[in-house]
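Asks: Starting from these lines, generate the structure:
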Amino acid sequence: MSLAAAIVVVAFGLVLIAFTVLVFTRQAIAERFLTRFASSARAHYVEQIFRLLIGAALVVYSPAMWRQTVFWLVGWAIVISSVALMLAPWQWHHRFGERVRPILVRYLRLYAAGAFALGALLLYGVFAGGAT
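Replies: The predicted model follows:
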């Protein structure tokens, strides 16, 4: 179970870094990718399932990570927010996305820099181990 959780956390970190590269090389594709979030009930629930998987992986693997308490808290925040979004009507998430997306697109490079930082921090957390 721990190995599977580590794989999920590392994969997510790499996806965040790849998203950053996409934003800086093919911004239009990155924008289209973001418009698909919560665009339908199916997209909403698939997104939440992936978020639950990532959050659970962080919770499970956090004891082996650098700054384990921080990653444990982040994992639980992702799990709780995902469950809340799954219980809310998907249209609420869609409407929220419609309001936030123009701001996100306007500051997409800044958002991508944050995604890169989080991805790098996740990878560091995994590979630095419990060195705190």
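Asks: Low-confidence bits of this protein, can you list those?
Replies: 130-132 (pLDDT under 70).
Asks: buried ones in the longest helix seen in the chain?
Replies: If you go by DSSP state H, the chain has its longest helix at helix 2-25. Residues of helix 2-25 classed as buried under the neighbour-count rule (16 or more other CB atoms under 10 Å) are 5-6, 8-10, 12-13, 16-17, 19-20, 22-23. Where C-beta positions appear, they are placed from N, C-alpha and C, glycine not excepted.
Asks: and if you look at stretch 108-124?
Replies: For stretch 108-124, by 16+ other CB under 10 Å, it's Leu108, Tyr111, Ala112, Ala115, Phe116, Leu118, Gly119, Leu121, Leu122, Leu123.
Asks: Helix, strand or coil: sort out the last one for me.
Replies: Read it as Leu123. Per DSSP: H, G, I helix; E, B strand; the rest coil, the local secondary structure of Leu123 is helix.
Asks: any chance you could map the helices in the protein?
Replies: 2-25, 27-35, 41-61, 68-87, 90-106, 108-127.
Asks: The second one vs helix 108-127, what angle?
Replies: Going by axes from the mean of the first three to the mean of the last three CA atoms, to 10 degrees, helix 27-35 is angled at 70 degrees with respect to helix 108-127.
Asks: name the helices or strands packed onto helix 27-35?
Replies: helix 2-25, helix 90-106, helix 108-127 (3 or more CB pairs under 8 Å, 6 or more residues apart in numbering; DSSP states H and E).
Asks: Mind listing residues that contact that helix?
Replies: The contact list for helix 27-35 (CB atoms under 8 Å, 6 or more residues apart in numbering) reads Phe19, Leu22, Val23, Arg101, Leu104, Val105, Leu108, Ala112.
Asks: Among the buried residues of stretch 108-124, which one sits closest to Trp66?
Replies: Leu121 (9.1 Å; CB to CB).
Asks: which ones are touching that closest one?
Replies: Leu121 neighbours (CB under 8 Å, 6+ apart): Gly13.
Asks: what do you get for His94?
Replies: Contacts of His94 by CB under 8 Å, 6+ apart are Ala38, Ser39, His44.
Asks: And the buried residues of helix 2-25, which is closest to Arg67?
Replies: Relative to Arg67, and with distances defined as CB to CB, the nearest of the buried residues of helix 2-25 is Val9, at 13.1 Å.
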